[in-house]
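Participant: Generate coordinates for the sequence data below:
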Amino acid sequence: MFRIKKLDIFITKQFGLLFIGTFFICQFVLMMQFLWRYVDELIGKGLSLDIMAQFLWYMGLMLLPQALPLAILLSSLIAFGNMGESSELTAIKAAGISLMQAFRPLIVIVVMIAGVSYFFQDVIGPKANLSFYQLLISMKQKSPELEIPEGIFYDGIAGSNIYVQKKDLTTGMLYGIMIYRQTGSYEDQAIILADSGMIQSTAEKKHLLLNLYSGEWFENMRSQDLGSTASIPYRRETFVTKRILLDFDGGFNLADLNDISGSASAKSLNKIMHDIDSIKEFNDSVGLAYYRESKSYHLRLPNVNKEDSVKVLKEVTSEDVCFDSLYARLKTSKKQEAVRGALSQVQSTMSDMEMKGDYAKSLHRYYRSHQIEAIKKFTLSLTCIIFFFIGAPLGAIIRKGGLGVPVIISVLVFIIYYIIDNTGYRMAREDQWTVPFGMLISSTVLTPVAAFFTYKANKDSVVFNIDLYKTIVMRVLGLRMKRHIYRKEVIIEDPKYALDAEKLKNVNEEIESYSETRKLLRWPNPINVFFHAGDDQQMETINEKLEETIEDLSYTRDKLILTELNNYPIIATHAHTRPFRHKWLNIATGLILPLGIFFYFRMLRFRLRLYKDLRTIRHTSEQIIPRALELAGQQE
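Facilitator: Have a look, this model is predicted:
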């Protein structure tokens with residue numbers, strides 16, 4: 001029977017509080033990023049607070065399914081990072097509870113969140129999308145707020161450009177006014193100059209009333225009213241006071257829902273699956289109609305009888321056939337007429353095909369958009385679960401809480417996911433990839449990653465141990481690692497100085513014999529290096545004896561010995577004979593020529609380094625042996 005334990009409640013609290021906070025942060029970031037796309041089109045429209053509130057509300061509802069996966073990733077990473085940093089995970093594992101058992105309550109919660117995400121996308125999301133885009137289109141279509149700047153032409157009023165030299169913000173008076181009006185064609189223009197004036201909006205906010213003072217009006221006369229004269233006269237009017245009424249709709253009107261109700265993002269899954277069949281049937285009918293039309297007009301075949309077919313076949317197979325004989329017998333004017341007719345027919349056919357092709361592409365794109373939205377409802381919900389199995393194991397591995405490292409890792413994971421997902425979406429939308437492949441590629445890529453991190457975290461892996469990777473890089477590049485031997489705080493038993501001195505003498509003798517027989521300064525045969533097995537057993541034996549002696553002497557209190565012990569180099573016992581321990585790796589490296597050359601010269605470097613290390617060992621041992629014998633005498 002399923003029981004809720006105190007540990008489950010504790011982990012749920014740790015995750016729940018962080019999830020609520022990170023969700024609002026992610027929601028805010030996504031809303032600001034989305035709002036930034038339309039800020040240039042919405043600014044300066046004079047929108048009321050209730051319209052802006054509705055706009056932000058519908059935007060938040062629309063972006064909520066995208067904020068949930070990112071919030072789960074960040075909160076799970078921080079929660080388990082905090083528990084790892086405070087050693088709470090260590091205590092949990094010490095109590096015999098595995099990491100997957102610790103994940104158990106959160107897995108249930110995340111699955112429930114994924115279900116909520118799907119329900120939201122299927123029920124609330126379509127309505128929110130429909131209301132949001134209706135409001136967005138209405139806001140774009142609204143005329144801008146009348147705010148005429150100084151010193152530049154203002155084109156916010158349809159059919160007019162207004163220039164104001166100076167404004168009085170206290171009284172609202174405008175000075176140095178110049179107005180260009182274009183009522184019909186290029187010829188029907190008017191220029192109005194005025195010393196001062198004032199602009200007011202009518203009560204119904206459908207027109208602007210201009211009161212102009214002390215000015216002139218220049219206007220071209222309509223050419224059709226005067227007949228077809230070569231020059232177009234104009235009229236000039238001087239006025240003291242002039243009132244002009246301009247069309248300016250400053251109100252806010254909602255756009256028609258019929259224009260956007262067919263969008264796939266405004267439909268539930270059942271509605272999408274129902275409409276897909278209708279769309280596919282309609283597309284097939286359009287394609288069949290285009291085929292029949294092309295077959296009737298452009299691809300029609302002449303009706304010939306059997307005798308004509310035999311005659312044509314004989315003419316084609318003959319060697320002296322001339323297909324242009326009929327064209328050659330025509331007069332020059334007839335030839336030109338035939339060429340123009342053929343060219344006109346080809347251009348007409350190409351134009352017709354391009355138009356039909358564009359329409360067919362738009363129909364197919366509309367069909368793909370429904371497929372994309374249907375799959376997207378599942379992938380966003382699945383991403384919630386995938387991100388949990390990435391964030392929680394990563395937090396348990398890195399053992400870092402707070403808003404530092406977890407935020408950086410979360411952003412990197414989300415950027416990788418966003419790039420893959422957006423690439424797949426665009427390629428599916430443009431019909432470069434199939435829709436299922438494009439929409440599922442991000443989940444397909446991240447699922448093995450989540451499984452890998454979960455496995456490593458459950459096995460207490462050191463996959464993110466920087467020192468481990470540093471050691472691997474140093475080994476590949478052949479960089480030296482130094483010893484760090486310090487005086488022990490507590491020493492139970494002193495080293496056996498006499499025995500250690502004797503071991504160091506034997507090591508020196510073996511090193512001298514080894515140097516004479518091995519000839520480390522000679523270049524080895526590449527065939528033997530890459531294709532023949534050959535560990536240096538003698539050097540491994542020497543190294544084992546040396547390390548045992550160093551380990552025993554490290555418990556000394558003598559400063560001279562401790563200092564000299566750090567001078568002993570760390571020996572790579574096999575790197576001077578072959579690149580890798582495994583035979584198949586050596587063979588593969590030798591067959592890949594550039595890589596083989598690199599590792600061959602790396603091996604030569606290790607041979608030279610071993611030659612120098614052996615000399616250093618002998619010199620260091622000669623410094624330690626007398627002091628060890630002296631301390632051995634004091635022990636006796």
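Participant: Report the distance from whichever strand or helix holds K356 to the chain centre.
Facilitator: K356 belongs to helix 332-398 when assigned by DSSP states H and E. Here helix 332-398 shows a centroid-to-chain-centroid distance of 22 Å under the convention CA atoms, centre = their mean, to the nearest Å.
Participant: Can you point out the buried residues in the next helix or strand after it?
Facilitator: Next along the chain after helix 332-398, taking DSSP H and E as the criterion, comes helix 405-429. Across helix 405-429, burial judged by 16 or more other CB atoms under 10 Å covers 405-406, 409-410, 413-414, 417, 420-421, 424-425, 427-429. Quick note: C-beta positions are derived from backbone N, CA and C, even for glycine.
Participant: just stretch 550-566 next, same as before
Facilitator: Buried-residue list, stretch 550-566, by 16+ other CB under 10 Å: 550, 552-554, 556, 558, 561-562, 564-565.
Participant: Also stretch 378-390?
Facilitator: Buried residues in stretch 378-390 (16+ other CB under 10 Å): 378-390.
Participant: Now pLDDT too, for those residues, in a markdown table please.
Facilitator: Listed next are the buried residues of stretch 378-390 as a markdown table, based on pLDDT from 0 to 100:
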| residue | pLDDT |
| --- | --- |
| F378 | 92 |
| T379 | 92 |
| L380 | 90 |
| S381 | 92 |
| L382 | 93 |
| T383 | 93 |
| C384 | 93 |
| I385 | 94 |
| I386 | 94 |
| F387 | 93 |
| F388 | 93 |
| F389 | 92 |
| I390 | 91 |
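Participant: re earlier: so which elements touch the helix holding K356?
Facilitator: Helices and strands touching helix 332-398, by 3 or more CB pairs under 8 Å, 6 or more residues apart in numbering; DSSP states H and E, are helix 49-85, helix 99-119, helix 269-297, helix 405-429, helix 435-458.
Participant: Chain neighbours aside, what residue packs nearest to V110?
Facilitator: F388 (4.5 Å; CB to CB, 6 or more residues apart in numbering).
Participant: which residues touch that neighbour?
Facilitator: By CB atoms under 8 Å, 6 or more residues apart in numbering, F388 lies in contact with 72-73, 76, 106-107, 110.
Participant: Out of the helices and strands packed on helix 332-398, which is the most enclosed?
Facilitator: Highest mean neighbour count of these: helix 49-85, a mean of 21 (counted as mean count of other CB atoms under 10 Å).
Participant: Which one of the helices and strands packed on helix 332-398 lies nearest to I492?
Facilitator: Nearest to I492, of all these, is helix 49-85, at 34.3 Å by CB to CB.
Participant: Just want the angle from the closest one to helix 435-458.
Facilitator: In terms of direction (axes from the mean of the first three to the mean of the last three CA atoms, to 10 degrees), helix 49-85 departs from helix 435-458 by 40 degrees.
Participant: about what we covered before: any idea how far the residue nearest to V110 is from F55?
Facilitator: Distance of F388 to F55, computed by CB to CB, to the nearest Å: 32 Å.
Participant: now swap in L209 and tell me
Facilitator: Distance, L209 to F55, by CB to CB: 31 Å.
Participant: Any stretches of the stretch 251-400 of the chain with poor pLDDT?
Facilitator: Filtered on pLDDT under 70, the stretch 251-400 of the chain yields the residue ranges 251-261, 298-304, 312, 315-327.
Participant: thinking G81 is in contact with I398, fair?
Facilitator: Yes - in this structure, G81 is within contact of I398 by CB atoms under 8 Å, at 6.2 Å.
Participant: Residue nearest the middle of this structure, spatially speaking?
Facilitator: The chain has I419 as the residue nearest its centroid, 2.2 Å off, counting by CA atoms, centre = their mean.
Participant: Between the two ends of stretch 110-126, how far is it?
Facilitator: End-to-end distance for stretch 110-126: 23 Å, by CA to CA, to the nearest Å.
Participant: what does it contact?
Facilitator: 61-62, 64-65, 68, 72, 265-269, 271, 376-378, 380-382, 384-385, 388.
Participant: what about I527, how many residues close to it?
Facilitator: If you count neighbours by other CB atoms under 10 Å, I527 ends up with 9.
Participant: I misspoke; the intended subject was T202.
Facilitator: The number of residues near T202, taken as other CB under 10 Å, comes to 12.
Participant: How about it, nearest residue that isn't a chain neighbour?
Facilitator: Nearest residue to T202 in three dimensions, chain neighbours excluded: L209, at 6.2 Å (CB to CB, 6+ apart).
Participant: Now K242: phi and psi?
Facilitator: For K242, the backbone dihedrals (degrees, to the nearest 10) come out as phi -140, psi 140.
Participant: I179 versus that one, what's the distance?
Facilitator: In terms of CB to CB, K242 sits 10 Å off from I179.
Participant: Looking at these two, which one has more neighbours?
Facilitator: More crowded of K242 and I179, by other CB under 10 Å: I179, with 23 against 18.
Participant: phi, psi of the closest residue to the more buried one other than its chain neighbours?
Facilitator: Leaving out its chain neighbours, the residue that sits closest to I179 by CB to CB, 6+ apart is I192, at 4.1 Å. Dihedral angles of I192 (phi, psi; degrees, to the nearest 10) stand at phi -120, psi 130.
Participant: Counting neighbours, what do you get for I192?
Facilitator: Using other CB under 10 Å, I192 has 23 other residues around it.
Participant: Helix, strand or coil: sort out L520 for me.
Facilitator: When classified by DSSP: H, G, I helix; E, B strand; the rest coil, L520 comes out as coil.
Participant: Give the burial count for it, as a bare number.
Facilitator: Using other CB under 10 Å, L520 has 17 neighbouring residues.
Participant: give me every residue that touches it.
Facilitator: Contacts of L520 by CB under 8 Å, 6+ apart are 576, 607-608, 610-611.
Participant: What is the nearest of those residues to E150?
Facilitator: Nearest to E150 out of those is L608 (CB to CB; 79.0 Å).
Participant: Please name the spatially closest residue to V286 (chain neighbours excluded).
Facilitator: Closest residue to V286 in three dimensions, ignoring its sequence neighbours and counting by CB to CB, 6+ apart: L363, at 6.3 Å.
Participant: ok, that neighbour touching F282?
Facilitator: Yes - assessed by CB under 8 Å, L363 is found in contact with F282 at 7.4 Å.
Participant: overlap in contacts of the two?
Facilitator: In contact with both L363 and F282: no residue, using CB under 8 Å, 6+ apart.
Participant: can I get the helices and strands packed on helix 332-398 in TSV with distance to I9?
Facilitator: Formatted as TSV, the helices and strands packed on helix 332-398 follow (distance: least, CB to CB, whole Å):
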stretch	distance to I9
helix 49-85	14
helix 99-119	8
helix 269-297	35
helix 405-429	23
helix 435-458	22
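Participant: so which of those helices comes closest to S214?
Facilitator: helix 49-85 (40.1 Å).
Participant: pLDDT on that closest one, on average?
Facilitator: Taken as a whole, helix 49-85 has an average pLDDT of 88.
Participant: Summarise which helices and strands the helix or strand that that helix is followed by is packed against.
Facilitator: Using DSSP H and E, the helix or strand that follows helix 49-85 in sequence is helix 88-94. Applying 3+ CB pairs under 8 Å, 6+ apart, we find helix 88-94 packed against helix 49-85, helix 99-119.
Participant: Of those, which is nearest E237?
Facilitator: Of all the helices and strands packed on helix 88-94, helix 49-85 sits nearest to E237, with 41.8 Å by CB to CB.
Participant: got the angle between that closest one and helix 99-119?
Facilitator: 170 degrees.
Participant: quick one, helix 49-85 and helix 332-398 angle?
Facilitator: Using the same axes, to 10 degrees: helix 49-85 against helix 332-398 is 50 degrees.
Participant: Mind giving me the packing neighbours of helix 49-85?
Facilitator: Counting by 3+ CB pairs under 8 Å, 6+ apart, helix 49-85 packs on helix 6-36, helix 88-94, helix 99-119, helix 125-141, helix 332-398, helix 405-429.
Participant: for the record, mean pLDDT for the third one?
Facilitator: Average pLDDT, helix 99-119: 91.
Participant: what distance separates it from the centre of its chain?
Facilitator: Helix 99-119 sits 25 Å away from the centroid of its parent chain (CA atoms, centre = their mean).
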